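[1] the sequence isn't on hand, but the structure is:
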């Protein structure tokens with residue numbers, strides 16, 4: 001079923017409540033901008049205890065649906081921009097540039113990124129989340145510094161984020177096709193994801 005079909009089931013008061021929760025699961029399976037488990041946690045963090053509160057469930061659905069709608073607008077805009085650039089003979093964005101354009105949660109990017117970083121740090125501390133375990137220790141330390149500073153990093157720390165990003169972009173290319181080194185590629189990929197969250201939280205506006 002599509003996202004829209006699941007959304008209608010979430011909003012249908014004639015259905016058993018458990019089925020409506022399952023329909024929300026279906027929505028998150030189809031759109032989870034910060035990962036499946038973190039998206040669920042963020043929805044509950046912002047909307048309230050939707051597993052037992054219908055008003056919170058509807059708020060959670062509104063949040064997810066609104067973010068997805070903004071994402072679809074951005075996706076269409078970017079697709080049209082790239083087609084127009086191609087017609088003019090201009091190059092497409094490189095992979096690093098696309099990463100920098102990516103928004104963790106349309107409509108509430110900074111708060112969602114802060115929540116995601118906190119989730120990853122807690123998971124790493126509890127040694128229970130596969131993604132968190134694959135993130136490089138230096139990146140996790142920078143995430144902790146970012147959150148401890150209330151979402152602010154010094155100029156030196158921001159330069160370190162830049163160096164780490166360059167390091168893991170290189171590693172991801174080096175470990176990729178055609179001679180895949182999966183563990184190195186995964187560590188680079190997950191570390192870059194965390195670095196992008198850090199940048200979303202800590203880069204001053206306009207920088």
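    Thanks, I have it. Small disclaimer: the values here were computed from a predicted structure and weren't measured.

[2] following the chain onward from the least confident helix or strand in the chain by mean pLDDT, which element is next?
    Ranked by mean pLDDT, DSSP states H and E, the weakest helix or strand in the chain is helix 95-101, scoring a mean of 50. Later in the chain than helix 95-101, the nearest helix or strand by DSSP states H and E is helix 109-126.

[3] how far off centre is that next one?
    10 Å (CA atoms, centre = their mean, to the nearest Å).

[4] tell me what it is packed against?
    Secondary-structure packing of helix 109-126 (3 or more CB pairs under 8 Å, 6 or more residues apart in numbering; DSSP states H and E): helix 36-47, helix 130-134, helix 137-148, helix 182-202. Glycine gets a C-beta too; all of them are placed from N, C-alpha and C.

[5] contacts for that helix?
    33-35, 37-38, 41-42, 45-46, 103-105, 129, 131-133, 135, 140, 143-144, 146-147, 151, 194, 197-198, 200-201 (CB atoms under 8 Å, 6 or more residues apart in numbering).

[6] from memory residue 136 sits against residue 168, does it?
    Yes: when contacts are counted by CB atoms under 8 Å, residue 136 is listed as touching residue 168 (7.2 Å).

[7] what about the residue nearest the centre of the chain? Give its phi and psi, please.
    With distances taken as CA atoms, centre = their mean, the chain has residue 34 as the residue nearest its mean C-alpha position (2.8 Å). Torsion angles at residue 34 (phi, psi; degrees, to the nearest 10) stand at phi -120, psi 30.
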